[in-house]
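Visitor: pasted the sequence and its predicted model underneath.
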Amino acid sequence: MSSPKARILLVDDDPDLLRLLSMRLSAAGYHVSAVPSAEAALSQLAVERPQVVLSDVRLPGRDGMALFDEIHQRHPSLPVILLTAHGTIPDAVNATARGVFGYLTKPYEPRELLEKVEQALAVAAPAPAAGPSDEAWRSEIISRSSRLAELLAEARLVAGSDASVLLRGDSGTGKEMLARAIHRASPRAKKPFVAVNCGAIPEALLESELFGHVKGAFTDAVANHKGLFQAADGGTLLLDEIGDMPPALQVKLLRVLQERAVRPVGSSQSISVDVRIVSATHRDLEAAMASGQFREDLYWRLNVVTLSLPTLAQRREDIPLLANHFLHKLAAKYHRRLSGFAPEAMKALTAAAWPGNVRQLFNVVEQVCALSTTPLVPLALVQRALRVPGVEVLTYAEAKERFEREYLVGLLKLTDGNVADAARLAGRNRTEFYRLLQKNELTPGLFKVEGVAGPAGPVAEQRQGGDDDE
């Protein structure tokens with residue numbers, strides 16, 4: 001069996017048939033989740049992504065075809081097998097034309113069922129020999145999000161081919177990490193993975209960086225230099241921020257992709273290269289093409305398969321997992337004894353906007369790791385790192401008391417502890433003002449500034465009526 005631990009989602013409203021199918025598939029070594037309706041199947045899909053869905057056509061409420069349409073829209077690479085009675089065979093054939101992987105007519109032989117499932121699994125995932133174990137290739141990607149699980153399933157599927165991949169996503173969503181995972185899951189895993197940020201290198205240097213140069217090609221070319229295409233030969237080259245590549249260089253890149261050969265700057269000879277291209281961008285390339293900033297022919301060369309990474313806000317269930325992972329990693333790095341986040345601190349992390357995505361989360365955790373003096377990271381440190389004001393709900397009496405104390409402290413600072421001046425500014429007589437100071441345990445003498453010279457000498461010499469300070 002090609003995939004003994006594969007997960008099968010089984011959907012049928014007949015409890016006896018559901019039990020029988022579950023027993024047969026479990027006995028064959030599959031992990032089976034059995035549900036009685038399309039609605040329950042969609043809920044199960046939100047929690048855990050199977051490799052194959054096996055569903056009856058006739059279901060209460062939403063039928064099997066409607067379930068397929070929903071699955072196909074959300075998870076286009078997930079194979080669906082329909083179970084159908086003889087009277088609905090034409091519908092099943094039509095469904096196959098629409099994208100359903102296949103169908104089985106009732107009654108069916110157990111052998112036929114297992115063969116159909118095996119066929120679906122062969123399409124749903126690469127053969128074991130195509131790459132490392134299920135976990136090793138994506139070990140750097142920490143997630144329990146069903147949305148990211150679907151993306152990773154597609155990434156694993158495309159990794160076995162040499163198709164060019166375009167990774168889309170906002171800055172900080174982990175495009176380079178996904179590119180590395182695709183490389184590790186590919187037959188090229190033992191060859192180099194090379195990444196270059198096309199927007200970080202000046203145009204004058206980027207051509208030489210990508211394609212290399214020969215000695216004497218320009219003033220500083222004192223020796224031959226292999227470009228990144230040659231460095232990645234046999235492996236994978238990530239062209240990060242491809243949307244920032246200058247138009248003149250786009251033409252030369254297109255020629256390299258067409259000819260599978262590079263010509264170093266200053267050379268008349270081309271050098272063959274065997275490189276799998278993964279490109280990444282946070283820009284709208286369609287808009288860039290419309291404005292003439294990005295070549296349409298290059299776009300179609302790079303965009304054979306598109307994978308779009310969700311923002312961190314779209315996978316909030318991963319925030320606690322990522323935050324604790326980063327905290328333990330950074331605590332070890334900085335030799336800090338940190339055990340986790342206080343509940344209200346984790347709540348603040350989970351509710352934050354995260355415009356900088358996973359990269360911003362890492363930076364926030366690094367800051368609180370550096371500043372925390374307690375084993376549990378408190379809310380105040382998280383709010384400081386997020387640069388948001390603390391949200392504290394006080395009773396009216398507590399708010400009034402806090403305001404009163406802060407107001408009195410401000411007056412004493414303003415008057416350098418002169419009670420008469422402070423009382424005058426507050427519009428209260430000195431006796432009443434003293435009562436307020438005693439109530440808030442404030443000592444005026446602590447606010448005196450001794451020996452600080454002003455324009456006409458020390459502050460103490462400028463005061464009139466110093467006895468008011470008593």
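Guide: Structure's in. What do you need?
Visitor: end to end on stretch 203-218, go ahead and measure it.
Guide: End-to-end distance for stretch 203-218: 15 Å, by CA to CA, to the nearest Å.
Visitor: for stretch 298-310, same thing?
Guide: When the termini of stretch 298-310 are compared using CA to CA, they are 25 Å apart.
Visitor: could you do stretch 19-38 as well?
Guide: Distance across stretch 19-38, first residue to last, is 17 Å (CA to CA).
Visitor: one more: stretch 177-190?
Guide: End-to-end distance (CA to CA), stretch 177-190: 17 Å.
Visitor: what's it in contact with?
Guide: Residues outside stretch 177-190 that contact it (CB atoms under 8 Å, 6 or more residues apart in numbering): 126, 130-132, 136-138, 140-141, 151-152, 155-156, 158-160, 165, 167, 193, 195, 234-236, 238, 276, 278, 280, 307, 309. To be clear about C-beta, it is placed using only N, CA and C from the backbone, and glycine gets the same treatment.
Visitor: from the residues you listed, which land in helices?
Guide: The helices in this structure, assigned by DSSP state H, contain Leu151, Leu152, Ala155, Arg156, Val158, Ala159 from the contacts of stretch 177-190.
Visitor: make a markdown table out of those residues and add pLDDT, neighbour count and distance to Arg387.
Guide: Formatted as a markdown table, those follow (pLDDT from 0 to 100; neighbours: other CB atoms under 10 Å; distance: CB to CB, whole Å):
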| residue | pLDDT | neighbour count | distance to Arg387 |
| --- | --- | --- | --- |
| Leu151 | 91 | 21 | 30 |
| Leu152 | 91 | 21 | 32 |
| Ala155 | 93 | 23 | 34 |
| Arg156 | 91 | 22 | 38 |
| Val158 | 93 | 20 | 39 |
| Ala159 | 94 | 26 | 39 |
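Visitor: redo those as CSV? Include distance to Tyr407.
Guide: Listed next are the ones in helices among the contacts of stretch 177-190 as CSV, based on distance: CB to CB, whole Å:
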residue, distance to Tyr407
Leu151, 55
Leu152, 57
Ala155, 59
Arg156, 63
Val158, 64
Ala159, 65
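Visitor: which one of the residues you listed is nearest Arg98?
Guide: Closest approach between the ones in helices among the contacts of stretch 177-190 and Arg98, by CB to CB: Val158, at 22.6 Å.
Visitor: I'd guessed that closest one sits against Val305; true?
Guide: Yes. In terms of CB atoms under 8 Å, Val158 counts as a neighbour of Val305; the distance is 5.0 Å.
Visitor: joint contacts of those two?
Guide: Each of Val165 lies in contact with both Val158 and Val305 under the rule CB under 8 Å, 6+ apart.
Visitor: other SSEs contacting the longest helix along the chain?
Guide: Counting by DSSP H, the longest helix found in the chain is helix 396-414. Counting contacts by 3 or more CB pairs under 8 Å, 6 or more residues apart in numbering; DSSP states H and E, helix 396-414 packs against helix 419-426, helix 430-439.
Visitor: which one of these lies closest to Glu317?
Guide: The nearest among those, by CB to CB, is helix 430-439 at 49.1 Å.
Visitor: tell me the buried residues in that closest one?
Guide: For helix 430-439, the neighbour count (16 or more other CB atoms under 10 Å) marks Phe433, Leu436, Leu437 as buried.
Visitor: and stretch 275-284, how far out from the chain middle?
Guide: Distance, stretch centre to chain centre, for stretch 275-284: 17 Å (CA atoms, centre = their mean, to the nearest Å).
Visitor: buried set for that stretch?
Guide: Val275, Arg276, Ile277, Val278, Ser279, Ala280, Thr281, His282.
Visitor: let's see that stretch as PDB, backbone CA atoms only.
Guide: Presented in PDB, the C-alpha positions along stretch 275-284 are these (Å, rounded to 0.1, in the frame of the first residue of the first chain):
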ATOM      1  CA  VAL A 275      17.800  25.400 -12.200                       C
ATOM      2  CA  ARG A 276      14.200  25.200 -10.700                       C
ATOM      3  CA  ILE A 277      12.800  28.700 -10.400                       C
ATOM      4  CA  VAL A 278      10.700  29.800  -7.400                       C
ATOM      5  CA  SER A 279       9.800  33.400  -7.400                       C
ATOM      6  CA  ALA A 280       8.100  35.500  -4.700                       C
ATOM      7  CA  THR A 281       6.400  38.800  -4.400                       C
ATOM      8  CA  HIS A 282       4.100  40.900  -2.200                       C
ATOM      9  CA  ARG A 283       3.200  43.200  -5.200                       C
ATOM     10  CA  ASP A 284       0.200  43.000  -7.500                       C
END
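Visitor: nearest to Asp69, of the helices and strands packed on helix 396-414?
Guide: Minimum separation from Asp69 across the helices and strands packed on helix 396-414 (CB to CB) falls at helix 430-439, 70.5 Å.
Visitor: now the helices for the stretch 51-200 of the chain?
Guide: 64-74, 89-98, 110-124, 146-159, 175-184 (DSSP state H, counting those that start in this stretch).
Visitor: mean confidence for the third one?
Guide: Per-region confidence: helix 110-124 scores 86 on mean pLDDT.
Visitor: low-confidence ranges in the chain?
Guide: 1-4, 86-97, 125-134, 216-217, 219, 222, 388-394, 449-470 (pLDDT under 70).
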